[in-house]
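1. Following is a predicted model, sequence given first.
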Amino acid sequence: MLNATQLSYFTLSAYFDTGLFKYLYFTIIMSLYMLIVGSNVLLIVVICMNRSLHEPMYLFLCSLFVNELFGSTGLFPFLLVQILSDIHTVSAPLCFLQIFCVYSYVCVEFSNLALMSYDRYLAICCPLQYSARMTFNKVAVLICVTWLIPVVAILVLISLIAPLQLCGNVMDRVYCGNYSIVKLACSDTRVNNIYGLVITFLTVFGPVSVIFYTYVKIFSVCFSGSKQTRQKALSTCSPHLAALLNFSFATCFQILQSRFNMSNVPNVLGILLSLYFLTCQPLFTPIIYGLNMSKIRSACRRLLRAKV
């Protein structure tokens, strides 16, 4: 038996031979990755370069776009290499790095979404106190905490799986996962299982609970206010709700797939759904916010005209 850090590589058995179609898949994945990078970088540049967008809501959006780049970069280059390769293995250090990137991305995403819902709650339910309660210093601290806590939590997670004694090195996945390594362990994994559940609860259900509470308050204010108030609130909250529902669905399936036996799900469907939250969320988030927020649309037009 070897511990996880002593293994030289892991084998990813979920890949299957696609013949010449692998070049088609490579082109599709590369195009998606370029679109994700281009759209998120564009919006980050637009927000940073326009002082009119240096408001809490847009700064939280900028943090969200940076996280989309971080998460997709933790998967797409690796996926492109695996698609063209005939031997689907990954070195142990790279596997741990990918676990850190993917899991940190998920935790930061939910924290960012909770932060944005809190910002909308203050703007709609406490408009007179908004400027005093959402200062620039407070925004900076909230963004730092949103990133720092998940990063520390995932580093602890990796430190717990590294010493595990493993009886194999084959994972039935297309990328590395924490619980996939835990299932290979011959040693006691109770601490890993308990910590994994605690982290899942704190980083997924904790932020979702905050979002649920804030939206109950927002909707109560909307329905008791005028028609104009309802329309304004819905126009600012609908992109956030769309992003939240999309990411929550994908993450819940990912948790179910990693924790329970999903052998009755077709292999191709399982692969697509396991990649969904790492592809569709970074792709659709800039589109959702870019199309729905007039300030961002006008700033993008001004930037493109300036370049032309």
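-> All right, it came through fine. None of these values were measured; they are calculated from a predicted model.

2. When you work out contacts or count neighbours from here on, use the C-alpha atoms and nothing else.
-> Noted.

3. in this protein, which spans are helices?
-> For the chain, the helices defined by DSSP state H cover 21-49, 56-73, 76-84, 92-125, 130-133, 136-161, 178-182, 190-200, 206-224, 227-259, 267-292, 294-307.

4. Out of those helices, which is closest to residue 14?
-> With C-alpha to C-alpha as the measure, helix 267-292 is the member of these nearest residue 14 (7.7 Å).

5. what does the average pLDDT come to for that closest one?
-> Mean pLDDT, computed over helix 267-292, is 77.

6. For stretch 79-96, could you pull out the residues that count as buried?
-> Buried positions in stretch 79-96, judged by neighbour count with 16 or more other C-alpha atoms under 10 Å: 79, 80, 82, 83, 84, 88, 89, 90, 92, 95, 96.

7. and if you look at stretch 60-78?
-> Buried positions in stretch 60-78, judged by neighbour count with 16+ other C-alpha under 10 Å: 60-76, 78.

8. that older thread, show me the two of the buried residues of stretch 79-96 that sit farthest apart.
-> Largest pairwise distance in these, by C-alpha to C-alpha, is 21.8 Å, between 84 and 96.

9. how many neighbours does residue 45 have?
-> 13 (other C-alpha atoms under 10 Å).

10. which residues touch it?
-> Not one residue lies near residue 45 by C-alpha atoms under 8 Å, 6 or more residues apart in numbering.

11. Looks like residue 69 contacts residue 282 (just checking).
-> Yes. Look at residue 69 against residue 282 with C-alpha atoms under 8 Å: they come within range, at 7.1 Å.

12. Overlap of the contact sets of these two?
-> Contact criterion C-alpha under 8 Å, 6+ apart; residues shared by residue 69 and residue 282: 36, 40.

13. Flag the shaky bits of the stretch 101-250 of the chain, pLDDT-wise.
-> 225-230, 232-233, 235-236 (pLDDT under 70).

14. ok, the closest residue to residue 185 other than its chain neighbours - how many residues close by?
-> Distances taken as C-alpha to C-alpha, 6 or more residues apart in numbering place residue 166 nearest to residue 185, at 4.2 Å, with adjacent residues excluded. Neighbours of residue 166 under the rule other C-alpha under 10 Å: 22.

15. now residue 166: how far from residue 65?
-> Residue 166 is 37 Å from residue 65, where distance means C-alpha to C-alpha, to the nearest Å.

16. Equivalent analysis for residue 181, please.
-> Taking C-alpha to C-alpha, one finds residue 181 at 30 Å from residue 65.

17. Quick check: buried residues in stretch 36-48?
-> Across stretch 36-48, burial judged by 16+ other C-alpha under 10 Å covers 36, 37, 39, 40, 41, 42, 43, 44, 46, 47.
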